[in-house]
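Trainee: Sequence and predicted structure, then a few things I'm wondering about:
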Amino acid sequence: MLFEAKKLELDSAEDLYQCRVSSVKPFALMLSPVYVFMKRNQKFVSVKAPLDFFTPDELSSLGRYEEFFLPKIISEVSCFQTSARVVRGILKMSRKSFPPSPFEVSNEIIKVTGASWGRDLRVSSFCAAIFADELCGHLESAELLLGRESAVVKHDLGLLLSGMLIFTLVHLGWHDLEVLKKMRAEVYSRTIRGEEWSSPSSQWEMVTSDLLRMMDLRLDLGLRALREFSSQWSFELGGRLKRLQESGRTYNERGEDRFEGGFSW
């Protein structure tokens, strides 16, 4: 999904959602460009890019605008936040004294995320990163600042790769939320410090290595991309997606997704 416009004319207002500046949490990843309205020149000006975040000082400085504006197209991304919130609830339930079986948990998760895969059964790294941020919570502020200020390209890669890993593992039966949080933080931290994931030493590192190669090939996570790999995890996820395809749980058209109000910052 591309967001390129740095400025928008006044007549774009009907295509924008409003969001109170005070409702935005520091270090939360943005779903889209974030605009403020400049009264003097009657334009909307971008103050933040997709997948970037606001620091407390930035939010304090921008508080005078009172409202942020976001393109309504984010409804195509906000469904990943919604599904992540539901999945987080499922994973927390699985840690109770009498938890459901792993099979039942996996079945509930695929029901929740089914629509997110879309008609073509594929998910972009951008959407996976948004899902992971909502599921796991925001990464450590010191790490995010280090990545953004000293390694911009690796910072973006770390966010996307760690998001892809978490989205994949959730579908492969990794249901310990605390473990998932640690894995996401580790992938991001090691990536911004130069890790190339070329010598994996564990199962999840092998998945990370394959996902990085998938991204290098500019492939979204999905059936087509999984056919390019011969790893056990790719066969397992491919099998789940085929069952999802047969169940008919995906939306016929992406356009059926609706924004129902409320942003999770």
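Mentor: Done, it's in.
Trainee: Give the next helix or strand downstream of the helix or strand where Thr208 lies.
Mentor: Per DSSP states H and E, Thr208 falls inside helix 203-216. Reading on from helix 203-216 to the C-terminus, the next helix or strand found by DSSP H and E is strand 221-222.
Trainee: buried sites along stretch 94-102?
Mentor: Ser94 (16 or more other CB atoms under 10 Å). C-beta coordinates here come from the backbone N, C-alpha and C atoms, glycine included.
Trainee: In the stretch 1-150 of the chain, what residue spans correspond to helices?
Mentor: For the stretch 1-150 of the chain, the helices defined by DSSP state H, counting those that start in this stretch occupy 56-62, 75-93, 102-113, 125-136, 141-150.
Trainee: Could you list every helix and strand in contact with the lowest-mean-pLDDT helix or strand in the chain?
Mentor: Lowest on mean pLDDT, DSSP states H and E among the helices and strands of the chain sits helix 102-113, with a mean of 86. Secondary-structure packing of helix 102-113 (3 or more CB pairs under 8 Å, 6 or more residues apart in numbering; DSSP states H and E): helix 75-93, helix 152-171, helix 232-247.
Trainee: Just send these back as a markdown table, with mean pLDDT, mean neighbour count and distance to Lys25 too.
Mentor: Below are the helices and strands packed on helix 102-113 laid out as a markdown table (pLDDT from 0 to 100; neighbours: other CB atoms under 10 Å; distance: least, CB to CB, whole Å):
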| stretch | mean pLDDT | mean neighbour count | distance to Lys25 |
| --- | --- | --- | --- |
| helix 75-93 | 91 | 19 | 13 |
| helix 152-171 | 96 | 23 | 16 |
| helix 232-247 | 89 | 15 | 31 |
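Trainee: tell me the contacts of the nearest residue to Val105 once chain neighbours are set aside?
Mentor: Nearest residue to Val105 in three dimensions, chain neighbours excluded: Ser94, at 4.9 Å (CB to CB, 6 or more residues apart in numbering). Applying CB atoms under 8 Å, 6 or more residues apart in numbering, we find Ser94 in contact with Pro100, Val105, His175.
Trainee: any idea how far the first one lies from Leu8?
Mentor: Yep, that's Pro100 we're talking about. 47 Å (CB to CB, to the nearest Å).
Trainee: Kindly provide the distance from the residue nearest to Val105 to Gln42.
Mentor: Applying CB to CB, the value for Ser94 to Gln42 is 52 Å.
Trainee: Ala128 now?
Mentor: Taken as CB to CB, the span from Ala128 to Gln42 is 37 Å.
Trainee: which of the two has more neighbours?
Mentor: Set Ala128 next to Gln42 and count neighbours by other CB atoms under 10 Å: Ala128 wins out with 26 against 10.
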